[in-house]
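> build me a model:
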Amino acid sequence: MTLDIDFVRAQFPAFSSPALDGQAFFENAGGSYTCKQVIDRLTRYYIERKVQPYSAYEASRLAGEEMDEARTRLAAIMGVETDELSFGPSTTQNVYVLAQAFGQYLQAGDAIVVTNQDHEANTGPWRRLANRGIEVREWQIDPDTGYLDPAKLVTLLDDKVKLVCFPHCSNVVGEINDVAAICKIAHAAGAVTCVDGVSYVPHGIPDVGALGADIYMFSAYKTYGPHQGIMTIKRALGEKLPNQAHYFNADSLYKRFTPAGPDHAQIAASAGMADYIDALYSHHDGGTANAKGRGAYVHDLMRAHEIKLLQPLLDYLGDKNSVRLLGPRDAEKKAPTVAVSMASKGEDVAKDLVKLGVNAGGGDFYGVRCLKGQGIDPDHGVLRVSFVHYTQKQEVDKLINALEQVL
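Down below sits the predicted model:
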């Protein structure tokens, strides 16, 4: 079916805010607008349930139940067990804690593979394991296209490699990597995988169980939700790694890698993300699919809309001699995260776009290694325009017209 864009935008209070009227928002890769389902839950929690959860009295009981609901429903959409999903203050923090666990688990002489396509959050903490005697091997992108070739991964793998870290989708290149195929390659070599889904999940929550990722992470605040990092980890791996939380929480899988106290309100509000998925499903289909089926339907609905809007933008930029379009030109292979390099600094072009009612970003976007790997000076940076399914055709047309004036 075709996405009902009017229904979608009605779910986001930002689009009815006078403060944002007339502005086309194209920095969604840095953080999306929040759906009303999340806002309503967060507001209710702070008004009615802002107490220590899991006690017997009503407000506390409801607070704990809503936190559990968020974990249960999101895990079901992602095709994992409920306690295989955990919340943390951010994806960056989740990776950092995991790296400490792997640092205690791995032995000197073991090896891990990282890429230079990643956001720094899913590469920097792993690279620091070299200080503990762990060999770090870099899976490098093609310097011309930014492509992460699985064939090159094969040449890096042997019985020393215990972990492969890579992105589902680069926040600079935008190309969607074949996670299932890459995980199969890594597993065949005896390694586990850690997948950064931060730049992918805003375009549709995937069936992580089907992908085969041992660890999968994304950021709720880029997926219409509160500022939380969400992580799934397979039970066998999670129970094998050293506990990073209080010793008395060691038997609880979803607590083992969250040493800080949880943000009760934001975890509870994350159930609003599942509410939103269900609202889209009900409005467009109204069938009786289970949570995973509803998530898959909405995923495909979002992607189809984004692809339709993205291709004209890629064609425009790909034909323009004054800019270098990073990543593929085929919208089927790319998330709507579009970076271009040009003579002007990316942040300067972004400032010019603001004058024309277009909000975008310029800089390195914590993809310093990725830019260097493509011969781009991170200090010069790139212009990045990014959108999600709530973007409408008129806004993309406005963006292209603004780019034509500025570039």
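> remind me which residues of the stretch 201-350 of the chain are low pLDDT?
Applying pLDDT under 70 to the stretch 201-350 of the chain picks out no residues at all.
> what sits against the spatially most central residue of the chain?
With distances taken as CA atoms, centre = their mean, V198 lies nearest the centre of the chain, 1.3 Å away. V198 sits next to 91, 119, 121, 167, 171, 217-219, 222 when contact means CB atoms under 8 Å, 6 or more residues apart in numbering. Heads up, the C-betas are built off the backbone N, CA and C, glycines and all.
> are we agreed that it is in a helix?
No - assessed with DSSP: H, G, I helix; E, B strand; the rest coil, V198 is coil; it does not lie in a helix.
> distance-wise, check it relative to L148.
V198 sits 16 Å away from L148, going by CB to CB, to the nearest Å.
> quick one: the helices in the stretch 1-150 of the chain?
For the stretch 1-150 of the chain, applying DSSP state H, counting those that start in this stretch gives helices covering 5-10, 36-48, 58-78, 91-105, 124-127, 150-156.
> of those, which approaches D315 most closely?
Closest approach to D315 among the helices of the stretch 1-150 of the chain (CB to CB): helix 5-10, 21.2 Å.
> quick one: end-to-end distance for stretch 119-132.
Taking CA to CA, to the nearest Å, the first and last residues of stretch 119-132 lie 23 Å apart.
> please enumerate residues in contact with it?
Counting by CB under 8 Å, 6+ apart, 91-92, 95-96, 98-99, 102-103, 106, 108, 112, 114-116, 136, 163, 165-167, 170-171, 194, 196, 198-199, 217, 365-369 sit against stretch 119-132.
> could you flag which of these are buried?
Neighbour counting with 16 or more other CB atoms under 10 Å marks 91-92, 95-96, 98-99, 102-103, 106, 112, 114-116, 163, 165-167, 170-171, 194, 196, 198-199, 217, 365-369 as buried within the contacts of stretch 119-132.
> circling back to that earlier point, Serialize the helices of the stretch 1-150 of the chain to JSON lines and add fields for mean pLDDT and distance to H380.
Shown next, in JSON lines, are the helices of the stretch 1-150 of the chain (pLDDT from 0 to 100; distance: least, CB to CB, whole Å):
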{"stretch": "helix 5-10", "mean pLDDT": "98", "distance to H380": "35"}
{"stretch": "helix 36-48", "mean pLDDT": "98", "distance to H380": "37"}
{"stretch": "helix 58-78", "mean pLDDT": "98", "distance to H380": "38"}
{"stretch": "helix 91-105", "mean pLDDT": "97", "distance to H380": "25"}
{"stretch": "helix 124-127", "mean pLDDT": "98", "distance to H380": "21"}
{"stretch": "helix 150-156", "mean pLDDT": "98", "distance to H380": "27"}
